[in-house]
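A.B. asks: Could you look at this predicted model? Sequence included:
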Amino acid sequence: MAGTATRPGRRPIPHSGQDRRALAVMTVAHGIQHFYVAGLAVTYPFIVADFHVSYAVLGLWLSAAGLLGGLLQAAAGLVRRASARAVLTAQDLAMGGATVLGAVAPGFGVFGAARVLGAVVSWPQHPVGSAYLSDRFPQRRATALSWHTAGGSLGTVAVPLALSAVVAAAGWRWALIALGAALAAGGLLVRLALPLERAAGRERPKDRPATAERAGTPGTGGTADRAGLWRLLRRRQVAAVLAAATIAAGGRGLGTLSTYIPAYLRSGLHLPTLTVGTLFTVVMAASIAGPVAGGMLADRFGRVRTLIVTYVAAAAVLAGFGYAGRDMAVLVLLGILVGVLAYAESPLLQAVFSDLAGDGAARAAFGVFFAISYGVGSLWTAVIGWVISAAGFPAAFAVMAASFAAAAAIIVILVRDGERAPGPDAGAAPPDDEGDALPA
């Protein structure tokens, strides 16, 4: 991340030590935020047994929580005046409180309410965090967003084993208390170490006009915020990216894959439990490296171009994984490729969307992006589950692959013509006939 990023018509913004600290803190904070869902998953079997409820009941509560939390991400524009540091600190502390409430729940109703509360307060990380990094690293936003995603994957990998040990030693309630403490610690880390946005508080450049906040750009606090956001969403390329994000949710790593890969290995291929855990860990480990490598390639060779290649390659790998059978060597190889490619898709798509949204619009725009792609896209979990019941796991992975292929076609047809390859001195790409432009 060293070097200088230049915005057209503005003074160079160096990637200083403070920038590197911002990226590191946001990456770690995202990993800690991912402790929540991954850690809770470890405790569900014990909670179901203790409260004498079925997985169907648990599933209904989780679906409601997922849909509500996803749609609430559209609220990011409403907190545009608050710093990312304040919003994310409050998020982590509130998640810690919701987790502790679940730990002391006397019955499943209270636990379910605590889980929904956790979803209600956990929405800011993706839209606010992604907007913060996009604005801070305009010329290297694919790399920055990829590290953000990799941090979440690292948290997903790290917490299950540790929390399983606490469950074994002291029970699921103490495990949730430990999880709540970890989330609170994440909030304190953000409060103490995350720099403020460049355009906020003490870090606003001295030569930036005070009227910039009233210019009517979406997310900057101007009176034309809603109209500006609506104009942005009506652009052909922006609408195409949102459509691709919703369709690609059918095969997204942090969604359908994380839910159904363990089920496929255990219930579909009837592999031993330890083997299932090992293979899934391999996939998740690859999901850490994949986004980072994809982001670096995207910033070097073009974000749209890299996204298209990733979609096509991931579609082929997903289809192969679903029909691989029980050959362990093939499963391991394809599992690594699934982790590298399928989990790289999300940050690459975020970078393309951020290019289209432009400076100043990031928080409100990302709120809409995540509400649509993750909120509405969460319905794919039910669709894939129905396909598994009706036609089996191979057909389900074929549907996941088809969702990536369809998303690639949308990007090629409606977005690809607006991209220029990035370069150290490049400015904004020329607008297309709809007024869209993809900055280098």
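C.D. replies: Ah, there it is. Numbering: from 1, shown residues only.
A.B. asks: my guess is residue 368 meets residue 229, correct?
C.D. replies: Yes: counting by CB atoms under 8 Å, residue 368 touches residue 229, with 7.2 Å between them. Any C-beta I mention is one placed from the backbone N, CA and C, and that applies to glycine too.
A.B. asks: who's more crowded, the two?
C.D. replies: residue 368 (23 against 20; other CB atoms under 10 Å).
A.B. asks: Quick check: nearest residue in space to that one, chain neighbours excluded?
C.D. replies: Counting by CB to CB, 6 or more residues apart in numbering, residue 368 lies nearest to residue 74, which is 5.5 Å off, once chain neighbours are set aside.
A.B. asks: With residue 399 instead?
C.D. replies: residue 387 (5.4 Å).
A.B. asks: Likewise for residue 284?
C.D. replies: residue 157 (4.6 Å).
A.B. asks: cool, and residue 182?
C.D. replies: In this structure, residue 182 finds its nearest non-sequential neighbour in residue 35, 5.5 Å apart by CB to CB, 6+ apart.
A.B. asks: show me what contacts the one you found?
C.D. replies: Each residue near residue 35 by CB atoms under 8 Å, 6 or more residues apart in numbering is listed here: 155, 158-159, 179, 182-183, 186.
A.B. asks: Likewise for residue 114?
C.D. replies: 98-99, 101-102, 105.
A.B. asks: one more time with 10 Å, if that's ok
C.D. replies: 65, 97-105, 176 (CB atoms under 10 Å, 6 or more residues apart in numbering).
A.B. asks: Greatest separation within the residues you listed: which pair is it?
C.D. replies: Across the contacts of residue 114, no pair lies farther apart than 65 and 104, at 18.8 Å, counting by CB to CB.
A.B. asks: if you count what's nearby, which of those two comes out ahead?
C.D. replies: residue 65 (21 against 12).
A.B. asks: secondary structure element for residue 282?
C.D. replies: Under the criterion of DSSP states H and E, residue 282 resides in helix 273-301.
A.B. asks: Buried by neighbour count: which residues of that helix qualify?
C.D. replies: 276-277, 279-280, 282-292, 294-299 (16 or more other CB atoms under 10 Å).
A.B. asks: Off-centre distance for that helix?
C.D. replies: With CA atoms, centre = their mean, to the nearest Å as the basis, helix 273-301 stands 14 Å off its chain's centre.
A.B. asks: and it, what's its mean pLDDT?
C.D. replies: Mean per-residue pLDDT for helix 273-301: 81.
A.B. asks: Make residue 1 into 56 and carry on from there
C.D. replies: Renumbered: residue one is now 56, and that last one reads helix 328-356.
A.B. asks: Quick one: list the elements packing against that helix.
C.D. replies: Packing partners of helix 328-356 (3 or more CB pairs under 10 Å, 6 or more residues apart in numbering; DSSP states H and E): helix 72-106, helix 196-225, helix 313-318, helix 358-377, helix 383-397, helix 400-412.
A.B. asks: Worst mean pLDDT among these?
C.D. replies: helix 313-318 (a mean of 76).
A.B. asks: Show me what it is packed against.
C.D. replies: helix 72-106, helix 328-356, helix 383-397, helix 435-446, helix 448-469.
A.B. asks: I'd like those helices laid out as JSON lines, including distance to residue 289.
C.D. replies: Rendered in JSON lines, the data for the helices and strands packed on helix 313-318 read as follows (distance: least, CB to CB, whole Å):
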{"stretch": "helix 72-106", "distance to residue 289": "30"}
{"stretch": "helix 328-356", "distance to residue 289": "26"}
{"stretch": "helix 383-397", "distance to residue 289": "30"}
{"stretch": "helix 435-446", "distance to residue 289": "25"}
{"stretch": "helix 448-469", "distance to residue 289": "14"}
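A.B. asks: closest to residue 372 out of the ones you listed?
C.D. replies: That would be helix 383-397 among these, by CB to CB, at 4.5 Å.
A.B. asks: Just want the angle from that closest one to helix 196-225.
C.D. replies: 130 degrees (axes from the mean of the first three to the mean of the last three CA atoms, to 10 degrees).
A.B. asks: packing partners for helix 383-397?
C.D. replies: Using 3+ CB pairs under 10 Å, 6+ apart, helix 383-397 is in contact with helix 313-318, helix 328-356, helix 358-377, helix 448-469.
A.B. asks: out of these, which comes closest to residue 438?
C.D. replies: Here helix 448-469 is closest among these (CB to CB), at 7.7 Å.
A.B. asks: tell me what that closest one is packed against?
C.D. replies: By 3+ CB pairs under 10 Å, 6+ apart, helix 448-469 packs against helix 291-303, helix 313-318, helix 358-377, helix 383-397, helix 400-412, helix 435-446.
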